[in-house]
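In: Could you look at this predicted model? Sequence included:
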Amino acid sequence: MRELVEAARALKGEAPPPLTIPPRPRPRPRRIESAATAAAAPAAAAPAAAAAAAVAEVRVCPFKHRRLDHVVLRCRSVEAMARWYIEVLGGAPEWLGRFGGALSHVRVGESLIDFVAMESSLAFANGSPAAEASALDHFALRCDDFDVRVAREWLAARGAEVVSSGSRYGADGQGFSLYVRDPEGNVVELKCGAAQRDCDGVVLVALRVRAVSNRSVRVQVCPQK
């Protein structure tokens, strides 16, 4: 039909109508993201995901405690303090006079007491008075069972005043404790086993007596270990 119409127009001398091409649909502009924009979305979610993973992963505390490892006391005189803990409380010299005399270690059972010079850079609060820099109330040394009367006499003979005593609760349960002050005023608790009463009505600790000989032997030994 189209060919017949064009032939008729040609006989009449009419020009054919201009060829019309329908317009193509314009493509929608593509959204171009920069590398920073593309990485922003996953990066924003990363902290939340990491926090959730940390909460899910850490369900048990990683620290399994065994005992008190050591206590560090800031001192005006490291030498005098170490000597008192050795001679009066029966500690054993572990490593004395380190860093030119600024640090000494004394062993008490399985733990250590460290003495550091107050003005030394080894101390966290070097130079500050002990009363201003420390919140320590007292610390306890777990001892083998001892005779309280013998212990009091031992301490008194060495000028160590018992400031308190009685039944106390600790890591090994209820027991008896004597409290003394060291040369620089720190309170030390000497704690031992199960409590009982002596003839004076004072709470004491059962003393395990072991006969070693029929001979009378005079030995100066600290009454606790």
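Out: Yep, it's here.
In: how does this structure divide into domains?
Out: Structural domains of the chain, as assigned by automatic domain parsing, span the residue ranges 68-136, 137-209+218-225.
In: By mean pLDDT, show me the worst of these.
Out: Taking each of the domains of the chain in turn, the one with the lowest mean pLDDT is domain 137-209+218-225, at a mean of 77.
In: that older thread, now mean neighbour count and distance to Arg59 too, for the domains of the chain, in CSV please.
Out: Where C-beta positions appear, they are placed from N, C-alpha and C, glycine not excepted. Formatted as CSV, the domains of the chain follow (neighbours: other Cβ atoms under 10 Å; distance: least, Cβ to Cβ, whole Å):
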stretch, mean neighbour count, distance to Arg59
domain 68-136, 17, 26
domain 137-209+218-225, 15, 26
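In: will you turn the ones you listed into CSV that also has distance to Val60?
Out: Formatted as CSV, the entries for the domains of the chain read as follows, by distance: least, Cβ to Cβ, whole Å:
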stretch, distance to Val60
domain 68-136, 22
domain 137-209+218-225, 22
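In: who wins for proximity to Cys61 among those domains?
Out: Among the domains of the chain, the nearest to Cys61 by Cβ to Cβ is domain 68-136 (17.3 Å).
In: Do me a favour and get the end-to-end distance for the closest one?
Out: Start-to-end span of domain 68-136 (Cα to Cα, to the nearest Å) is 15 Å.
In: With stretch 157-167 instead?
Out: For stretch 157-167, the separation between the terminal residues is 24 Å (Cα to Cα).
In: quick one: the strands in the protein?
Out: In chain order, the chain shows strands spanning 70-75, 92-97, 103-108, 111-117, 138-142, 162-170, 173-181, 187-191, 195-197, 203-205, with DSSP state E as the criterion.
In: Sheet partners, orientation included, of the fourth one?
Out: Strand pairing for strand 111-117, using DSSP bridges, gives strand 70-75 (parallel), strand 103-108 (antiparallel).
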